[in-house]
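Q: Quick one, structure for this:
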Amino acid sequence: MQENYPQKPGLDFILKQAFFYWNKTLLYQILFTIIYGTIFFAVSFYIMQRFGIYDQYAEALADYSKVGISGLEELNEKLAAIRNTENFAYALYGFMAVSAFLFPMNLGFFQIFKKIDLKEDIGIGDLFVGYNGINFFRYVSYFVFWYLVCEILKITLILPLFWIMVTILVAPLMFFHNKTTFEAISLNWKAFKMYFLEILVCTIVAVLFKYIGFALFFVGALLTFPFWNAMIYSLYKTIFNEKS
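A: Numbers count the residues shown, from 1 in each chain. Purely as a prediction, here's the structure:
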């Protein structure tokens, strides 16, 4: 890895490279979304039932449906009351746990993209490389740390975006170079200061493209949801001058 940051690449190159990796792995994008979504929603539904959140939401929405728009204020009050309960807090911890468990799947795409660069064969097993050995616990621990910091920063509108940008390259740095969380954040920070515009634009494009599929009746999410990983890899490979 080259850490002295050579001549800046163009934004168009980074974006085109990200879309190239995404386009080359559409089958794996779909598979990822199906596996991720099935596990996440199944476990989340169980958690909501286990803590009674599902029934409370269903009751509040049923009452709202009876009175229509005139009951919107009452509905918001009921939902706010649900979110302030102890059971809802426990449910949030459950959502965080399942998200942390699924996070290493994202690292599988980094291996797949690297194999594309090396012109090596890729397979379904590459998606699960993040679950190999003790590294699984490193990635899960990092995600929990990242998530908790992000939750704290949610009191503002800008700081969560800032946190995303100063950690956007942490995962590939941990994966490819065995960096610790704070070593990777330090390197990411150095890159962020030099490549602020590139990282900002790529973050916005990735977030918009990642979730635009949900606006297309959720079907489009099969293809767009994992796009974030292609953008991260393109940024990482370009900024740190990763060679094929």
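
Q: Output the contacting helices and strands for the strand or helix carrying residue 42.
A: Assessed by DSSP states H and E, residue 42 sits inside helix 26-50. Helix 26-50 sits against helix 53-67, helix 86-102, helix 104-117, helix 221-224, with contacts defined as 3 or more C-beta pairs under 8 Å, 6 or more residues apart in numbering; DSSP states H and E. The way it works is simple: take the backbone N, C-alpha and C, and place the C-beta from them, glycine included.

Q: Give me whichever of the ones you listed is most buried.
A: Burial of the helices and strands packed on helix 26-50 is given as mean neighbour count (mean count of other C-beta atoms under 10 Å); helix 104-117 ranks first at a mean of 21.

Q: what is the orientation angle of that helix with helix 26-50?
A: 180 degrees (axes from the mean of the first three to the mean of the last three C-alpha atoms, to 10 degrees).

Q: tell me what helix 104-117 is packed against?
A: Packed next to helix 104-117, using 3+ C-beta pairs under 8 Å, 6+ apart, are helix 11-24, helix 26-50, helix 135-153, helix 170-177, helix 227-239.

Q: avg pLDDT for the helix or strand following the shortest one?
A: On the C-terminal side of helix 170-177, the nearest following helix or strand under DSSP H and E is helix 181-194. Averaged across helix 181-194, pLDDT comes to 95.

Q: Now do the buried residues in whichever helix or strand comes after helix 181-194.
A: Using DSSP H and E, the helix or strand that follows helix 181-194 in sequence is helix 196-215. Buried residues in helix 196-215, counted by 16 or more other C-beta atoms under 10 Å: 198, 199, 202, 203, 205, 206, 209, 210, 213.

Q: ok so, going back, including mean pLDDT, could the helices and strands packed on helix 26-50 go into CSV?
A: Below are those laid out as CSV (pLDDT from 0 to 100):
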stretch, mean pLDDT
helix 53-67, 83
helix 86-102, 94
helix 104-117, 97
helix 221-224, 69
